[in-house]
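S.K.: Make a model of this:
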Amino acid sequence: ALSRDHTVVALAGATGSGKSSLFNGLARLDLSPVGVRRPTTGVAHACVWGAQEGAARLLDWIGVLPRHRFVRESALDADDEAALHGLVLLDLPDFDSVQWSHRLEVDRLLGLVDLVIWVVDPQKYADRVIHTSYLGEFHRHRDVTLVVLNQSDRLSPAELPRVLADLRRLLDEDGLEGVPLLATTATDPGGIVELRAALE
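M.R.: Just a heads-up that it's a prediction; the model follows:
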C-alpha cells in the first residue's frame, strides 16, 4: 500500500560472507561499511534506484534510518542504472552476530521484504545454523529466494563446481529445489554480472 513501484530485496547472510561487498558492488559505490572487525554491519543499510516517491515512506515503515539510506542515481549515470529502477536493496546485519539484537533485527526484516538473497561463502556454506534456522525454514518462500556462493574467487576452477554441487545438494535437502544458485565475487565487477541480471 505504501508503494507499488518498489521491490524490496534483502542481502542476508553470516558474518564475513561478503554481503556488504556485494551491496557496494551492485550499487557501484562504497555505501555499506566493509572491514575485518566483526560484526561489520550492525544495522540495515538501504540503496534506492529510481524514483524516491514512496521509497521514503516504505523505508520508514521497514525501519531503516534516514542516515543509512542512499540514492543510486545521478545525472552522470544517464540510463546506466535504468534497469534497476524501483529496486530497494537492503544490506542486513549478520544473522550469526555476537550481538543478539542483530539477529532479532534480521528476523524482523526478513518478514517484510519481497525477495531474499542468501549470501554464503566457501568456508561456511554448510554451516548448520543457516540451514536449520533459516534456509530450511524458507522452503515456503522458495519463489522469493535466491542463493549466492560469494567469494567464489577463493576456489580453484576445479573446486568451484564441486562446492556448488554440494551446496545445491544441501539446498535441495532444505526443500529449496529449483531455487536459483549463483556464484559471485565482489572483487571483480564481472563477478556480479549474473546477480545484477537477476535483479534487473
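
S.K.: Summarise which helices and strands the helix-or-strand element of the chain with minimal mean pLDDT is packed against.
M.R.: Least confident helix or strand of the chain, by mean pLDDT, DSSP states H and E, is helix 100-110 with a mean of 82. Helix 100-110 sits against strand 7-13, with contacts defined as 3 or more C-beta pairs under 8 Å, 6 or more residues apart in numbering; DSSP states H and E. (Each C-beta comes from the backbone N, C-alpha and C, glycine too.)

S.K.: Measure how the strand it packs on sits relative to helix 100-110, angle-wise.
M.R.: Calculated by axes from the mean of the first three to the mean of the last three C-alpha atoms, to 10 degrees, strand 7-13 forms an angle of 150 degrees with helix 100-110.

S.K.: how near is the residue nearest to G191 when sequence neighbours are not counted to T132?
M.R.: Spatially, and ignoring its direct neighbours in sequence, G191 is nearest to T185 (3.4 Å; C-beta to C-beta, 6 or more residues apart in numbering). Distance from T185 to T132, counting by C-beta to C-beta, to the nearest Å: 27 Å.

S.K.: between those two, which one's more packed in?
M.R.: Higher neighbour count among T185 and T132: T185, with 21 against 11, using other C-beta atoms under 10 Å.

S.K.: re the thing from before, settle this for me: the residue nearest to G191 is touching N150, isn't it.
M.R.: Yes. Contact criterion C-beta atoms under 8 Å: T185 and N150 qualify, at 6.8 Å.

S.K.: element containing L90, please.
M.R.: Element membership of L90, judged by DSSP states H and E, is strand 87-91.

S.K.: who's in contact with stretch 183-193?
M.R.: Stretch 183-193 is contacted by residues 18, 21-22, 24-26, 148-153, 160, 164, 194-195 when judged by C-beta atoms under 8 Å, 6 or more residues apart in numbering.

S.K.: Now do the very next helix or strand once past the least confident helix or strand of the chain: which elements does it pack against?
M.R.: Going down the chain from helix 100-110, the next helix or strand is strand 115-120, by DSSP H and E. Counting contacts by 3+ C-beta pairs under 8 Å, 6+ apart, strand 115-120 is packed against strand 7-13, strand 145-149.

S.K.: Can you tell me which of these is nearest to R57?
M.R.: Minimum separation from R57 across those (C-beta to C-beta) falls at strand 7-13, 12.4 Å.

S.K.: hey, C-alpha coordinates of the closest one in CSV?
M.R.: Provided in CSV are the C-alpha atoms of strand 7-13 (Å, rounded to 0.1, in the frame of the first residue of the first chain):
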residue,chain,number,x,y,z
THR,A,7,10.6,-4.1,-4.8
VAL,A,8,12.5,-4.6,-1.6
VAL,A,9,15.4,-7.1,-1.8
ALA,A,10,17.5,-8.1,1.2
LEU,A,11,21.0,-9.5,1.2
ALA,A,12,21.1,-11.9,4.2
GLY,A,13,24.0,-14.0,5.5
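
S.K.: gap between the helix or strand that it is followed by and the chain center?
M.R.: Using DSSP H and E, the helix or strand that follows strand 7-13 towards the C-terminus is helix 19-27. Centroid displacement of helix 19-27 relative to its chain, using C-alpha atoms, centre = their mean, to the nearest Å, is 8 Å.
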